[in-house]
Each structure stands twice: as C-alpha cells, then as structure tokens.
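K.L.:
model the following, please.
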Amino acid sequence: MCLGVPGKVISIKENLAEVDFGGIRRKVSLLLCPDVSEGDYVLVHVGFAIQRLEKEEALETLRLFKEIDRGYLE
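P.N.:
Numbers count the residues shown, from 1 in each chain. Okay, here's the model as predicted:
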C-alpha cells in the first residue's frame, strides 16, 4: 500500500515543482505528470507527482487528513 499526499504547485522549473503541503514546501519531480501547471494540485508519492487533482478533491483529502490527526490527539 502506498500513501499519496495532495499538495499545491507553487512554482515550476524544468521538471521540478515546488509544492506546498499545508505550509511545508518540497521539491517534487514532474517527470510522471509533465502537463501540470502552477496553481494545480497534485498527488505526490515518494517525491514524484503521480496525478493531477481537482482542487475540491485535494482540499477534501487534506480535510480528512486533519480529521484523522485530530482523532489521534483526543
């Protein structure tokens, strides 16, 4: 099983994107998703964008992650 995490593409330089994961920014390879643009949301696994996501889908997934996290703290 793998876990993909959604993030927002902030900038792109060649085949690398800077992706924001709720305040944490990381460099992500776009070799598997060359059609991604700045402002898009992507699903990231082990440093690679593996799929472009609709904004609503990405935000819903992030909301669910936060809900799960809150459950661990209670």
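K.L.:
so L16 sits right up against R26, yeah?
P.N.:
No: assessed by C-beta atoms under 8 Å, L16 is found out of contact with R26, at 10.2 Å. Glycine gets a C-beta too; all of them are placed from N, C-alpha and C.
K.L.:
looking at the chain, which helix or strand is least sure?
P.N.:
Lowest mean confidence among the helices and strands of the chain (mean pLDDT, DSSP states H and E): helix 55-73, at a mean of 85.
K.L.:
which elements pack onto that helix?
P.N.:
Packing partners of helix 55-73 (3 or more C-beta pairs under 8 Å, 6 or more residues apart in numbering; DSSP states H and E): strand 5-13, strand 41-45.
K.L.:
I'd like the distance between V42 and K66.
P.N.:
19 Å (C-beta to C-beta, to the nearest Å).
K.L.:
who has more neighbours, these two?
P.N.:
V42 (24 against 11; other C-beta atoms under 10 Å).
K.L.:
poorly predicted segments of this structure, please.
P.N.:
Along the chain, the parts satisfying pLDDT under 70 run over 1, 72-74.
K.L.:
just want the angle from the least confident helix or strand of the chain to strand 41-45.
P.N.:
50 degrees (axes from the mean of the first three to the mean of the last three C-alpha atoms, to 10 degrees).
K.L.:
buried ones in helix 55-73?
P.N.:
For helix 55-73, a neighbour-count test (16 or more other C-beta atoms under 10 Å) marks 58, 61-62 as buried.
K.L.:
and for stretch 37-53?
P.N.:
Here stretch 37-53 shows 40-44, 49, 53 as buried, counting by 16+ other C-beta under 10 Å.
K.L.:
and which of those is nearest L30?
P.N.:
Nearest to L30 among the buried residues of stretch 37-53, counting by C-beta to C-beta, is A49 at 5.4 Å.
K.L.:
and the helix or strand hosting the closest one with helix 55-73, angle?
P.N.:
For A49, the enclosing helix or strand under DSSP states H and E is strand 48-53. On the basis of the same axes, to 10 degrees, strand 48-53 is oriented at 120 degrees to helix 55-73.
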